[in-house]
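> mind folding the following:
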Amino acid sequence: MAPAYCSSSDFSNGIDAPSNGDGCVETARGTKTMTIGTMGHPGRAKPLESGDLEHCLQLDQSCLGGIWSRSHWQTELADPHRPGMGIWLGASPNPQVLGAMASGWLVVDELHITLVAVAPQQRRRGLGCQVLGALLELGKGQGALQATLEVACGNLAAVALYRRLGFRDAGIRRGYYRNGDDALIQWVSL
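Residues are numbered from 1 along each chain as shown. Purely as a prediction, here's the structure:
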């Protein structure tokens with residue numbers, strides 16, 4: 001199953017369409033798309049760059065407790081084989097708030113998703129679907145034929161989001177997380 005990507009033509013005013021909570025919606029034509037805006041303020045997807053370091057550190061801290069150090073983020077943002085996408089919110093033309101981000105590693109023809117984060121105050125508005133869809137498109141454009149990720153078995157919202165984007169379970173990593181939780185291994189063809 002191919003992943004779903006943004007289609008701005010499905011929304012007349014850039015405001016979130018009704019969704020089931022993960023941001024992916026069914027259009028009248030029956031195609032899966034995802035929301036483009038949030039609370040009337042369209043988000044803008046763009047690749048993450050070295051200049052985005054402080055924003056990435058802040059979002060990592062607020063969403064994930066700071067799982068990556070400053071030096072790790074510097075490496076992620078500088079390496080062209082580690083693509084990242086951000087959704088920037090705020091007034092155009094230069095939105096200043098990083099509302100969501102997703103990162104991965106390109107390994108031969110595979111995109112390994114390493115991080116997906118959405119600001120706590122921006123959740124359930126479609127940004128997770130938008131940012132991950134943008135990262136999948138970027139990876140595909142850089143030669144990835146498949147994408148993979150691990151997700152905590154108990155993280156039902158994330159599992160549902162990834163399934164809507166076409167990811168399917170391929171196995172389990174027992175005790176993968178620091179707290180001992182198992183991880184589902186998921187894959188999608190691009």
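> state which strand of the protein is the longest.
strand 97-107 (DSSP state E).
> in its sheet, what does whatever helix or strand comes next after that one sit against?
Once strand 97-107 ends, the next helix or strand along the chain (criterion: DSSP states H and E) is strand 110-118. Using DSSP bridges, the strands paired with strand 110-118 in its sheet are strand 97-107 (antiparallel), strand 146-152 (parallel).
> let's see the last one as CSV, backbone CA atoms only.
So the one you mean is strand 146-152. Provided in CSV are the C-alpha atoms of strand 146-152 (Å, rounded to 0.1, in the frame of the first residue of the first chain):
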residue,chain,number,x,y,z
GLN,A,146,10.9,1.6,1.5
ALA,A,147,10.7,3.2,4.9
THR,A,148,10.8,1.5,8.3
LEU,A,149,10.4,2.6,11.9
GLU,A,150,9.9,1.2,15.4
VAL,A,151,7.0,2.2,17.6
ALA,A,152,6.0,1.2,21.1
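> next, the buried residues of that strand.
Within strand 146-152, the residues scored as buried using 16 or more other C-beta atoms under 10 Å are 147, 148, 149, 150, 151. For every residue, glycine as well, the C-beta is placed using N, CA and C.
> need the nearest residue in space to the third one, chain neighbours excluded.
What it means is residue 149. Nearest residue to residue 149 in three dimensions, chain neighbours excluded: residue 113, at 3.7 Å (C-beta to C-beta, 6 or more residues apart in numbering).
> contacting residues around the one you found?
102, 103, 104, 132, 135, 147, 148, 149 (C-beta atoms under 8 Å, 6 or more residues apart in numbering).
> likewise residue 112?
104, 105, 106, 147, 148, 149.
> farthest-apart pair in these, please.
106 and 149 (13.8 Å; C-beta to C-beta).
> appreciated, that's everything.
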